[in-house]
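1. I would like the atomic coordinates for the input below:
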Amino acid sequence: MQDRINSKARKNKPSRKRRGRSQTRTAGKQKRQPDAAGGRNVKGSRMSGSRGAGKAGRKPRRHAAPHFGSGKDPLFSVVITSPGSAASDAGQEGAPVPEEYRGLKLDPFQKEAIRHLKAGRSVLVSAPTGVGKTLVADYLIERMYNEQSRVIYTAPIKALSNQKFKEFKRLLGEENVGIITGDIAINPSAQILIMTTEIFRNMLHLSPRALDGVSHVIFDEIHFIADEERGTVWEESIIFMPEQMRLLGLSATIPNAEE
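-> So this is what the prediction gives:
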């Protein structure tokens, strides 16, 4: 009888070990699965978060509007979009805004932008191509020119800088307009100075005294701040601008301008 009991005990021992090993392996798999899934999630986030603007099917690394304030007092900046955001003229602060400029009747968004510029604020104008956002920049430059203040007009490419240089020379006189790009430097101490955005960023770091007397900086195509490779140029330019300097940003392609 005792031999039968011992024999049954020996037969049951291996089966208990096998169950133990099976449970251990199952538990190990359950522990590893979340880790593996987590690894895939992390890898996926890295791939989706590092895609830059300007490449097909890829989202921009950053948007322009959240960087507009750059830590400066929000009371000194405002975003103007067209159409739809302009307020009525009644009860608005500051000096009166002209109804026309250069023989053209100003749209509500143009008048609102001019009003805020005259009040000493930085302004971001987001408007479709061809509706007249550049007219706001022209008004600001002419006004600052008449007040003997300096203005810098920045553009993302040399061709656009050269184009603006020719335009403002014709309007204000050759002796009052200068240009600085990677290729040329003409009249660099002029009251109205045209340059690429990279040149302006470099001046902020290397020769800030050359910017004495500059009241406003105009950033044409400011949506380049969302560019994966060059966006930091616009970020640094805005962040390191002196506190007393105001900016006017122009763009037709800011998707989140009102945020």
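2. and residue 81, what pLDDT?
-> As predicted, residue 81 sits at a pLDDT of 68.
3. again, but for the one 4 residues further on
-> Reading off the per-residue confidence, residue 85 sits at a pLDDT of 47.
4. in stretch 139-158, what's buried?
-> Within stretch 139-158, the residues that qualify as buried by neighbour count (16 or more other CB atoms under 10 Å) are 139-142, 144-145, 149-156, 158. Backbone N, C-alpha and C define where each C-beta goes, glycine included.
5. closest to residue 117 out of those residues?
-> For residue 117, the closest of those turns out to be residue 140, at 5.6 Å, with distances computed as CB to CB.
6. look up how far residue 202 lies from that closest one.
-> 24 Å (CB to CB, to the nearest Å).
7. over to residue 169?
-> Counting by CB to CB, the gap from residue 169 to residue 202 is 24 Å.
8. between those two, which is the more surrounded one?
-> The neighbour comparison of residue 169 against residue 202 (other CB atoms under 10 Å) goes to residue 169, with 20 against 16.
9. just the element for that one, please.
-> Assessed by DSSP states H and E, residue 169 sits inside helix 158-172.
10. so for residue 200, what's the nearest residue that isn't a sequence neighbour?
-> Computed as CB to CB, 6 or more residues apart in numbering, the closest residue to residue 200 that is not its neighbour in sequence is residue 154, at 5.0 Å.
11. who are the contact partners of that neighbour?
-> 194-197, 199-200, 217-220, 237 (CB atoms under 8 Å, 6 or more residues apart in numbering).
12. can you list which of the buried residues of stretch 139-158 are found in helices?
-> 139-142, 144-145, 158 (DSSP state H).
13. so where do the strands sit in the stretch 151-259 of the chain?
-> With DSSP state E, counting those that start in this stretch as the criterion, the stretch 151-259 of the chain has strands at 177-180, 185-186, 192-196, 214-220, 246-251.
14. most packed of those?
-> Of these, the one with the most neighbours on average (mean count of other CB atoms under 10 Å) is strand 192-196, at a mean of 26.
15. hang on, isn't residue 235 packed against residue 226?
-> No. With the criterion set as CB atoms under 8 Å, residue 235 and residue 226 do not qualify as a contacting pair; they are 10.2 Å apart.
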